[in-house]
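Novice: need coordinates for the below:
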Amino acid sequence: MVKNGLKRGDYLTHKQTQALAALLTQPTKEKAARAAGIGLTTLKRYLADPEFQEEYQKAVHQFYGKTPLENVEYCS
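Specialist: A predicted model of the protein is given here:
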């Protein structure tokens, strides 16, 4: 069964979904963790997970229209 492009077993948990949303709307990882109701260590563990990272990159691209590195502006 495929839902939202993910195969069974690849779904994000409720807390991971909250963390993903918080990462998109909060200015720091610390504030994102707090907003998601998880600890900073848990958020870092999520971010180290390749499947979560892939979903995070997709969400960032959809939310901002760019990848995180494309959002970086360089000052000369």
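
Novice: please make it C-alpha for all contacts and neighbour counts, starting now.
Specialist: Fine.

Novice: residue ranges with poor pLDDT in this protein?
Specialist: Applying pLDDT under 70 to the chain picks out residues 1-10, 66-76.

Novice: which one's the longest helix in it?
Specialist: Ranked by residue count, the top helix of the chain under DSSP state H comes out as helix 50-64.

Novice: what is the host helix or strand of residue 31 packed up against?
Specialist: Using DSSP states H and E, residue 31 maps to helix 29-36. The elements that helix 29-36 packs onto, with contact taken as 3 or more CA pairs under 8 Å, 6 or more residues apart in numbering; DSSP states H and E, are helix 14-25, helix 40-48.

Novice: right, so these: which one is the most enclosed?
Specialist: Highest mean neighbour count among those (mean count of other CA atoms under 10 Å): helix 14-25, with a mean of 18.

Novice: just the CA coordinates for that helix, please, in CSV.
Specialist: The C-alpha trace of helix 14-25 is given here as CSV (Å, rounded to 0.1, in the frame of the first residue of the first chain):
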residue,chain,number,x,y,z
HIS,A,14,2.9,11.6,15.0
LYS,A,15,5.8,13.1,16.9
GLN,A,16,8.0,13.0,13.8
THR,A,17,5.3,14.8,11.8
GLN,A,18,5.1,17.4,14.6
ALA,A,19,8.9,17.8,14.6
LEU,A,20,8.9,18.2,10.8
ALA,A,21,6.3,21.0,11.0
ALA,A,22,8.2,22.7,13.9
LEU,A,23,11.5,22.6,11.9
LEU,A,24,9.8,24.5,9.1
THR,A,25,8.3,27.1,11.4
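
Novice: now do it and helix 40-48, the angle between them.
Specialist: In terms of direction (axes from the mean of the first three to the mean of the last three CA atoms, to 10 degrees), helix 14-25 departs from helix 40-48 by 90 degrees.

Novice: tell me what helix 14-25 is packed against?
Specialist: Where contact means 3+ CA pairs under 8 Å, 6+ apart, helix 14-25 is packed against helix 29-36, helix 50-64.

Novice: got the phi and psi for residue 27?
Specialist: Residue 27 adopts backbone torsions of phi -80, psi -20, taken as degrees, to the nearest 10.

Novice: lovely, talk soon.
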